[in-house]
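S.K.: okay, here's the prediction I keep looking at, along with the sequence it came from:
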Amino acid sequence: MNTRQWLDTLVSFDTTSRHSNLAMMAAMRDALHAQGLQPELIYSPDGDKANLFATLPAEDGSTQGGIILSGHSDVVPVDDQVWTTDPFTLTEREGRLYGRGTADMKGFIAASMAMVPEFLQMKRSKPLHLAFSYDEELGCLGAAVMLDALKQRGLRADGCIVGEPTGMRVIVAHKGTNLFRCRVHGKAAHSSLTPQGCNAIEHAARLICRIRDLADQLKAQGPYDQCYDVPFSTLTTNQIAGGIAVNTIPALCEFNYEFRNLPGLSPEHLQQQIEQFIRDDLLPRMQAEYRDAGIDIETGPAVPGLEASERAALTRLARELTGDTTISKVSYGTEAGQFQRAGIASIVCGPGHIAQAHKPDEFIEIVQLDACEVFLRKLARSLQSPR
């Protein structure tokens, strides 16, 4: 199948993160197996989802070294979004292909799969690898499982290209993402007897304001990196819930907050400041009202930042193949930081634009898919054996 046909197939699978992706992964596995490859499904701990990893060996049969083409299979929900087309049916209109995941990031996977027959005809001195993951949208969960499995197998690679939608620009850095869930435990009471209770919402508000103060401090004082669209680290509270009635002092308030840190800034240092405020200021005030008051913080998924070296062979190669010499960095996270942390040089470069991701009527321009095919072809040729 060509790229358009593969994208049609991939979009038809509803791989929203809350669903299994096994049917989509099985379809790709079977297609690769039919071409003489030995793709492997690396399952999630519960077995409901899987990563797919496949190696296109070098001419001499070698599977070590080479380049990984990486993408995630899951997509975000379409709930409460108003689409003018069926999100899970690829629809062409005025040079664009509409459907959930077209830009983020089934377009890159489709192009990679469509190019496999051509890749196999090349006499390459280095292998190419396909690494397609699950649950990227939930905190890059699948890539961690896949990288651990590859480490146990002793597989090494020279570099990884993560095909997130960048407009085929070379992205050399992105921020880290760190998620936390906080539960503030107070004491319920009738709201007419306020001193007999401990208001979990009000004390949670004090902590949320402290998080905002830290965010304001980072905005005002840095550190900064002007290559990012948001050139400083950010902290935000994005979800909150609490209370059971308008006349009841709430005993529980829960909220989620996140850090998006520049690669050089330690998220642990930021979290330590929050915990120190809780320990030295907030908790004593709460326990003066109610001895058993408490605050629990649960650490959620953490995605490491990416900081690629301009001197790295992969970065130089990507710039040569794309002609892009601009230093570009992004505030969103990708799996590239995980590959880099595993010792594999990584950059982000793929078709489509992040502005279209997660929105109703998500689309990718056909010219972007064409550009991706050209890039992948050049990449594979760069691995060909000298003649």
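M.R.: The structure has been received and is ready for your questions.

S.K.: please make it C-alpha for all contacts and neighbour counts, starting now.
M.R.: Fine.

S.K.: low-scoring stretches of this protein, by residue?
M.R.: Along the chain, segments meeting pLDDT under 70 span 385-387.

S.K.: if we go to 50?
M.R.: 387 (pLDDT under 50).

S.K.: nearest residue to the middle of it?
M.R.: Geometric centre of the chain, nearest residue: Thr334, 3.7 Å, by Cα atoms, centre = their mean.

S.K.: surely that residue and Cys140 touch.
M.R.: Yes. Contact criterion Cα atoms under 8 Å: Thr334 and Cys140 qualify, at 7.4 Å.

S.K.: what is in contact with the two at once?
M.R.: Counting by Cα atoms under 8 Å, 6 or more residues apart in numbering, the residues touching both Thr334 and Cys140 are Val303.

S.K.: so who does the residue nearest to the centre of the chain touch?
M.R.: Residues in contact with Thr334 (Cα under 8 Å, 6+ apart) are 136, 140, 162, 164, 174, 303.

S.K.: let's have the residues you listed in CSV, adding neighbour count and distance to Thr326.
M.R.: Listed next are the contacts of Thr334 as CSV, based on neighbours: other Cα atoms under 10 Å; distance: Cα to Cα, whole Å:
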residue, neighbour count, distance to Thr326
Glu136, 23, 27
Cys140, 22, 27
Val162, 26, 18
Glu164, 30, 17
His174, 27, 15
Val303, 23, 25
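
S.K.: and the residues you listed as a markdown table, adding distance to Leu235 and secondary structure?
M.R.: A markdown table is the format used below for the contacts of Thr334 (distance: Cα to Cα, whole Å; DSSP: H, G, I helix; E, B strand; the rest coil):
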| residue | distance to Leu235 | secondary structure |
| --- | --- | --- |
| Glu136 | 21 | coil |
| Cys140 | 19 | coil |
| Val162 | 26 | strand |
| Glu164 | 24 | coil |
| His174 | 16 | strand |
| Val303 | 15 | strand |
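
S.K.: closest one of these to Gly36?
M.R.: The nearest member of the contacts of Thr334 to Gly36, counting by Cα to Cα, is Val162 at 24.7 Å.

S.K.: residues contacting the closest one?
M.R.: Val162 neighbours (Cα under 8 Å, 6+ apart): 69-71, 334-336, 346-350.

S.K.: pull the CA atoms of stretch 125-141 into CSV?
M.R.: The C-alpha trace of stretch 125-141 is given here as CSV (Å, rounded to 0.1, in the frame of the first residue of the first chain):
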residue,chain,number,x,y,z
SER,A,125,25.2,-1.1,5.2
LYS,A,126,23.2,-0.2,8.3
PRO,A,127,19.8,-1.4,9.4
LEU,A,128,16.6,0.6,9.7
HIS,A,129,14.3,0.0,12.7
LEU,A,130,10.6,0.7,13.1
ALA,A,131,9.5,1.5,16.7
PHE,A,132,5.7,2.2,17.1
SER,A,133,4.5,2.6,20.7
TYR,A,134,1.3,2.7,22.8
ASP,A,135,0.1,5.4,25.3
GLU,A,136,2.3,8.2,24.3
GLU,A,137,-0.6,10.6,25.0
LEU,A,138,-0.8,9.3,28.6
GLY,A,139,2.8,10.1,29.5
CYS,A,140,4.9,8.1,27.0
LEU,A,141,4.2,4.8,28.8
